[in-house]
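[1] What shape does this take:
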Amino acid sequence: MAKTVIGNLKLRIPAGKATAGPPVGSTLGQWGLNMMDFINPFNEATKDLMGKDVIVHMKIYDDRTFDWTCLGRPVDDLIREKAGIPKGSGRPHTDKVGKITRAQAEEIAEIKKDHLNAIDMDGAVKVIAGTARSMGVEVEE
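    Numbering: from 1, shown residues only. Here you go, the predicted structure:
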């Protein structure tokens, strides 16, 4: 018989630095999960990205087991890194805070290609450009 999914979690955790404290411990604790069954494999799998935030999706089943998938770094972090800015704009359509080139957008799209809702590279670049625009970052041709 198939397991019943009782919860879906999306977490943003510093790679290689997950601990039993907040935010990981408090989130997993409320579902009654063994934290160390997640923390040790996560830290081992993400040690190459040490300290940078990564997105993790978890499915929690009715027998208190879980599956997790690491989606890598968030697109907004990659854009901020390429543009060399600390944060996006509070008013993105009027106050522009940085610029990236189409080549940089293609690099980001290549990194995130498995997780974007796009058929080809041009569509993936458009997704990245849309995220950049919503942050107040211009994409130059």
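
[2] which residues touch the closest residue to Pro86 other than its chain neighbours?
    Among residues not flanking Pro86 along the chain, Arg80 sits closest, at 7.2 Å (C-beta to C-beta, 6 or more residues apart in numbering). No exception for glycine: its C-beta is placed from N, CA and C like everyone else's. Arg80 makes contact with 86-88, 135, according to C-beta atoms under 8 Å, 6 or more residues apart in numbering.

[3] quick one: which helix or strand includes Arg80?
    Arg80 belongs to helix 75-83 when assigned by DSSP states H and E.

[4] Give me the angle between whichever strand or helix holds Ala105 and helix 75-83.
    Assigned by DSSP H and E, Ala105 falls within helix 102-112. Interaxial angle of helix 102-112 relative to helix 75-83 (axes from the mean of the first three to the mean of the last three C-alpha atoms, to 10 degrees): 140 degrees.

[5] Which helix or strand lies directly C-terminal to helix 102-112?
    helix 121-134.

[6] next helix or strand past that following helix?
    Helix 121-134 is succeeded, C-terminally, by strand 137-140 (DSSP H and E).

[7] can you give me the offset of that next one from its chain's centre?
    Offset of strand 137-140 from its chain centre (C-alpha atoms, centre = their mean, to the nearest Å): 21 Å.

[8] for stretch 12-21, same thing?
    13 Å.

[9] What of stretch 19-31?
    With C-alpha atoms, centre = their mean, you get 18 Å for stretch 19-31.

[10] pLDDT of that stretch, averaged?
    In this model, stretch 19-31 has a mean pLDDT of 89.

[11] Show me which parts of that stretch are buried, residue by residue.
    Residues of stretch 19-31 classed as buried: 24-25, 27-28 (neighbour count, 16 or more other C-beta atoms under 10 Å).

[12] Equivalent analysis for stretch 38-53, please.
    So for stretch 38-53, counting by 16+ other C-beta under 10 Å, buried means 38-39, 42-43, 46, 52-53.

[13] Start and end of that stretch, how far apart?
    Counting by C-alpha to C-alpha, to the nearest Å, you get 16 Å between the two ends of stretch 38-53.

[14] Great, nothing more from me.
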